[in-house]
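Enquirer: Got a sequence here, can you model it:
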Amino acid sequence: TSRLMASPTGGSPGLLLWLLLLQPQLSGARGRLAPSPLSPSPLGGGHEDPDATVWRVAGPATPPEPQESVPVSQLVGLIPGSSSCAVLTPGCGQVNAKILGGQEAEDGKWPWQVSVRIRGKHVCGGSLITQQWVLTAGHCILSRFHYDVKMGDRSVYKEITSVLVPVRDIVVHPQLSVVGTIQKDLALLQLLYPVNFTMTIQPICIPQKTFRVEAGTTCWVTGWGRKEEYGGDLITSVLHEVDQDIIHHEKCNEMIQKAMKTTRDVVLEGMLCGYKGAGKDLCQGDSGGPLVCKFKDTWVQVGLVSWGLGCGRGNVPGVYTDIAAYSKWIVEVINRAASLYPVVFLIPLLCLVLPLSILVAP
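Expert: As a prediction, the model looks like this:
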């Protein structure tokens, strides 16, 4: 035999020391689940990129309990490595740009809005919730594609103030369903590297499970989707904004049942709706984008563009994923990733203190 490395200490005590140091990180990684692709659907949604690492974490499927007030303290708490309660990203939900109004959104007005892209083409909207995580719709995830995220510019084409970041990992809600009614329609994209916050790149706040928006509250949805149901461009070049009045899922279900002429429940728990009259609605290309409401001086994402009947039809609300109903799942996914990746960087260091007997070639 010939020795490949020499060690003056023999290595065994060093190995024990490193294993002890790694124990908390290794313990946090036990719950990782193997990738499991979802069944194909006619809508083309629910298929993860096979080259991405996918974690599937069970999460709550029930809507939040009613709450009269909505203080900022009800925003999701998450500080990596800490159990203290703080906003998911401190300073989230703030807009620094001067707002001039109009249907086209001014630069920096919605700094959390991102474009989820395949091969340089816009496919869905999304929202930045931390420096390295983007929230989008589960039905936007198609198999065998690598995704990028463009942010920092209201133009879907130009790159004046924008950055383009590759997606490293994709996490689709494990109970996403696109058969019949789309349910649990959300996914998390982990960026390849953290982004720096600027005037045009800022995170949006995510509500806790107990957060509930009152019916009739005026909120805003943004996106690059088409402006009309038939004809016109598939996407708009400049980010657009539409105000929406919140409708809870029970009332919304009645409205859409009437439009569909059915008695089947189509708007379920974990969904909420928005409507502002005919012609003011989300459309194709807006999927995954944020529905946000302003409480005092803080913007909070209450919904995520999911589905609808056509675009802008009278008495037909747009349907959104209720973010508060899934905030616990969102935090679990981000926490799990934070506990897993430190192990990857420590493995090379561990190799340096392996017992000498292991580093022997026959």
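Enquirer: low-confidence ranges in the chain?
Expert: Where the chain drops to pLDDT under 70, the residues are 1-88, 96-105, 226-234, 278-285, 310-313, 341-362.
Enquirer: what about the longest strand in it?
Expert: Under DSSP state E, the strand in the chain containing the largest number of residues is strand 235-248.
Enquirer: same for it, what does it pack against?
Expert: Contacts defined by 3 or more C-beta pairs under 8 Å, 6 or more residues apart in numbering; DSSP states H and E place strand 235-248 against strand 218-225, strand 271-275. C-betas here are computed from N, CA, C, even on glycine.
Enquirer: Show me the contact partners of the helix or strand following that strand.
Expert: Proceeding N to C from strand 235-248, the next assigned helix or strand is helix 249-260, under DSSP states H and E. Outside helix 249-260, the residues that touch it by C-beta atoms under 8 Å, 6 or more residues apart in numbering are 63, 215, 247, 263-273, 275, 309, 313, 315-317, 319, 322.
Enquirer: can you tell me which residues contact the closest residue in space to T298 that isn't next to it in sequence?
Expert: In this structure, T298 finds its nearest non-sequential neighbour in G93, 4.2 Å apart by C-beta to C-beta, 6 or more residues apart in numbering. Applying C-beta under 8 Å, 6+ apart, we find G93 in contact with L75, Q202, P203, I204, C205, V292, T298, W299, V300.
Enquirer: Looking at the helices and strands packed on strand 235-248, which one is packed in the most?
Expert: Among those, the stretch with the highest mean neighbour count (mean count of other C-beta atoms under 10 Å) is strand 271-275, at a mean of 26.
Enquirer: name the helices or strands packed onto it?
Expert: Using 3+ C-beta pairs under 8 Å, 6+ apart, strand 271-275 sits against strand 235-248, helix 249-260, strand 298-307, strand 318-322.
Enquirer: Can I get those in CSV including mean neighbour count and distance to V167?
Expert: Formatted as CSV, the helices and strands packed on strand 271-275 follow (neighbours: other C-beta atoms under 10 Å; distance: least, C-beta to C-beta, whole Å):
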stretch, mean neighbour count, distance to V167
strand 235-248, 19, 20
helix 249-260, 16, 30
strand 298-307, 25, 17
strand 318-322, 28, 19
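Enquirer: quick one, which of the ones you listed is nearest to F211?
Expert: Set against F211 and scored by C-beta to C-beta, those come closest in strand 298-307, at 7.4 Å.
Enquirer: Q131 is nearest to which of the helices and strands packed on strand 271-275?
Expert: strand 298-307 (16.2 Å).
Enquirer: okay, the helices and strands packed on strand 271-275 in a markdown table with distance to E159 next?
Expert: What follows is the helices and strands packed on strand 271-275, written out as a markdown table (distance: least, C-beta to C-beta, whole Å):
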| stretch | distance to E159 |
| --- | --- |
| strand 235-248 | 13 |
| helix 249-260 | 38 |
| strand 298-307 | 24 |
| strand 318-322 | 29 |
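Enquirer: so A215 makes contact with I246?
Expert: Yes - taking C-beta atoms under 8 Å as the definition, A215 is a contact partner of I246 at 5.7 Å.
Enquirer: domain parsing for this protein?
Expert: Domain assignment of the chain by automatic domain parsing yields the ranges 2-34+341-361, 72-340.
Enquirer: Would you mind measuring from I246 to T262?
Expert: Per C-beta to C-beta, to the nearest Å, I246 is found 23 Å from T262.
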